[in-house]
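Student: I need the structure of the sequence given here:
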Amino acid sequence: MPYITNSDGTCRKCGESGLFTQKMRSDHLNASPDCKKHFYGSSSSSCSESLELISAKELCQKELPPLVWLIANLIPSKGVVFLGGKRGSMKTWVALELAKAISEGGKLFGHFQASKLDVIFLDSENGETQIQRRLRMLFGGAALPDNIHFCFFPKIRLDEDASELEEILDEHPNAVVIVDSFRRVLGVDENDARAVNDVFVQKIRPLIEGYGATFILLHHLRKGMGRGVSDHLDEMRGSSELVNYADAVLLIERPRSDSKSIIMRHAKSRTGLEHAPCKIETQSDDEHFQFSFVGSFEDAINQPEKAGEAVLKWAYEKSKVEFQTGEVTAALGADFNPKSISRGLKWLTEKGQIYKAKKGSYRIISKVLTDFGQTDTSIKLVSSVPNEQSQDNTNGQNGQTTSCKEPISIPYEDSSLSFSSDKRDKLNRDSLVSQAR
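Tutor: This next block holds a predicted model:
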């Protein structure tokens, strides 16, 4: 039975006194429908004092409703989810992206499929002006949905009275409630395990069971933690009851070395395996803001190489010796976003495969002679690297380049000329030939 009485034996709902034993409390609930609903929601069977046993065989034969994902493989429906992150980690941006994907039944970050439901967004951090600006940037001129509803700086405390929220959920069954942030609607100490447990058991859980709601609660991380953490759930501020009760926990991190991206960790999933940590890139200007899913850490690390190989393959198939950035972006846009292609071009430049002829224009240095799938793949050098910093390779005139009269064939697996662009530009034809051999 939940904590329905205070330490002096009074009911926490109506104040009736003398409730010292389990029988007294049970009789009180049966005689007071309002108190019973307050503590147990619409589920009257939860008031039973008896211990009911069910065998493993009976349990497995029982027909139970299937698991429904709110966000595929990330967030289950009808549960409690924490979205954690430090200050400035883009938590609110991510929360609005969640609201957008759910309201449309689209894809979160363009990758994770969402179910289409109403969204109730309780904002206690930003206000109308900031949220309006961010919504316009996220939707980028597209029609704004009418099933995301905002309440700014709501005067509610989930540990006290949730009746106003009940009225809203009664009009929007199965809605997703996003709270930014959890501590703003919590009147108890977040480090008090018993008080936190009461909020979930006596307030939030009845709303989930009675109205089919899903709660996504934005929360801050502890200060001074981050690198070298053995369990990322320990970064969540407050009592461990917070993450213990959660059905899923998503942690957002903004790398110092890359302000244009975030790392999302699926730190907990009660309903399945945690998704691998993944990288999400952002693109923005004064009028637009967009998230793009890059992939897992491993995918993100290998993305420039994969994009670079795709560029070479495309150039070979199209017999391209010189190409524009826009051409390759249009050709490979279905598989790689513009940032990945840009990094792929940089990777090819550093590997000595291409060079930048001018802004937005690249020229192939090594061209694949046979298809990438063939065993006998080889590369021929069809031009040398332009020498912009040295006169050793200019035929006496600065700015002119020297071409190899006879193409040099190199086995593909041995053709990784991985010296830097500065060093490469200083090499003359003879040293390049020697390096290749």
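Student: list the contacts of Thr329.
Tutor: Residues in contact with Thr329, defined by C-beta atoms under 8 Å, 6 or more residues apart in numbering, are Pro338, Ile341. Quick note: C-beta positions are derived from backbone N, CA and C, even for glycine.
Student: bridging residues for the most centrally placed residue in the chain?
Tutor: A centroid search over the chain (C-alpha atoms, centre = their mean) returns Met264, at 4.4 Å, as the residue closest to the centre. Applying DSSP bridges to Met264 gives these bridge partners: Ile252, Cys278.
Student: relative to Lys320, how far out is it?
Tutor: Distance of Met264 to Lys320, computed by C-beta to C-beta, to the nearest Å: 36 Å.
Student: next: Gly212.
Tutor: If you measure Gly212 against Lys320 using C-beta to C-beta, the figure is 55 Å.
Student: cool, and Glu327?
Tutor: 8 Å.
Student: so where's the chain uncertain?
Tutor: When the per-residue scores of the chain are filtered using pLDDT under 70, the ranges that remain are 1-3, 7, 42-51, 224-230, 297-301, 366-437.
Student: C-alpha coordinates for the helix or strand Leu138 falls within, CSV please?
Tutor: For Leu138, the host element (DSSP states H and E) is helix 128-139. What follows is helix 128-139, C-alpha atoms only, in CSV (Å, rounded to 0.1, in the frame of the first residue of the first chain):
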residue,chain,number,x,y,z
GLU,A,128,6.7,32.5,-25.1
THR,A,129,9.2,34.5,-27.0
GLN,A,130,12.0,31.9,-26.9
ILE,A,131,9.7,29.0,-27.7
GLN,A,132,8.0,30.8,-30.6
ARG,A,133,11.4,31.6,-32.1
ARG,A,134,12.6,28.0,-31.8
LEU,A,135,9.4,26.5,-33.2
ARG,A,136,9.6,28.7,-36.2
MET,A,137,13.2,27.7,-36.8
LEU,A,138,12.5,23.9,-36.3
PHE,A,139,9.5,23.9,-38.6
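Student: same for that helix, what does it pack against?
Tutor: Helices and strands touching helix 128-139, as assessed by 3 or more C-beta pairs under 8 Å, 6 or more residues apart in numbering; DSSP states H and E, comprise helix 91-104, strand 148-152, strand 289-296.
Student: now with 6 Å?
Tutor: Where contact means 3 or more C-beta pairs under 6 Å, 6 or more residues apart in numbering; DSSP states H and E, helix 128-139 is packed against helix 91-104.
Student: what about the closest residue to Thr325 other than its chain neighbours, how many neighbours?
Tutor: Closest residue in space to Thr325, ignoring its immediate chain neighbours: Gly360 at 4.7 Å, by C-beta to C-beta, 6 or more residues apart in numbering. Residue crowding around Gly360 was assessed by other C-beta atoms under 10 Å; the count is 11.
Student: 14 is where my numbering starts, stick with that
Tutor: Yes, from this point I'll number from 14; that puts the last item at Gly373.
Student: you'd agree Gly373 is up against Glu340?
Tutor: No. In terms of C-beta atoms under 6 Å, Gly373 does not count as a neighbour of Glu340; the distance is 9.8 Å.
Student: returning to what we had before: and the gap between the residue nearest to Thr338 and Glu363?
Tutor: According to C-beta to C-beta, Gly373 stands 18 Å off from Glu363.
Student: next, give phi and psi for Ser30.
Tutor: The phi and psi values for Ser30, taken as degrees, to the nearest 10, are phi -100, psi 170.
Student: that one and Pro268, how far apart?
Tutor: In this structure, Ser30 and Pro268 are 57 Å apart, going by C-beta to C-beta.
Student: what of Leu157?
Tutor: As judged by C-beta to C-beta, Leu157 and Pro268 stand 31 Å apart.
Student: one more: Thr227?
Tutor: Applying C-beta to C-beta, the value for Thr227 to Pro268 is 29 Å.
Student: which one's more surrounded, the two?
Tutor: Neighbours of Thr227 and Pro268, each counted by other C-beta under 10 Å, are more numerous for Thr227; the result is 25 against 11.
Student: so the nearest residue to the more buried one once chain neighbours are set aside bridges to which residues?
Tutor: Nearest residue to Thr227, sequence neighbours excluded (C-beta to C-beta, 6+ apart): Val189, at 4.8 Å. When bridges are called by DSSP bridges, Val189 pairs up with Val132, Thr227.
Student: who's in contact with Val189?
Tutor: With contact taken as C-beta atoms under 6 Å, 6 or more residues apart in numbering, Val189 is in contact with Ile115, Leu130, Val132, Thr227.
Student: quick one, helices of this structure?
Tutor: When secondary structure is read from DSSP state H, the chain shows helices at 35-44, 46-53, 69-74, 104-117, 141-152, 176-184, 206-211, 218-224, 254-258, 310-330, 338-345, 351-363, 434-439, 442-449.
Student: hey, which of the ones you listed is tucked in deepest?
Tutor: Using mean count of other C-beta atoms under 10 Å, the stretch among the helices of the chain with the largest mean neighbour count is helix 104-117, at a mean of 22.
Student: which strands or helices does that one pack on?
Tutor: Where contact means 3+ C-beta pairs under 6 Å, 6+ apart, helix 104-117 is packed against strand 132-136, helix 141-152, strand 189-193.
Student: state the distance from Lys364 to Leu325.
Tutor: Taken as C-beta to C-beta, the span from Lys364 to Leu325 is 10 Å.
Student: Ser194 too?
Tutor: In this structure, Ser194 and Leu325 are 47 Å apart, going by C-beta to C-beta.
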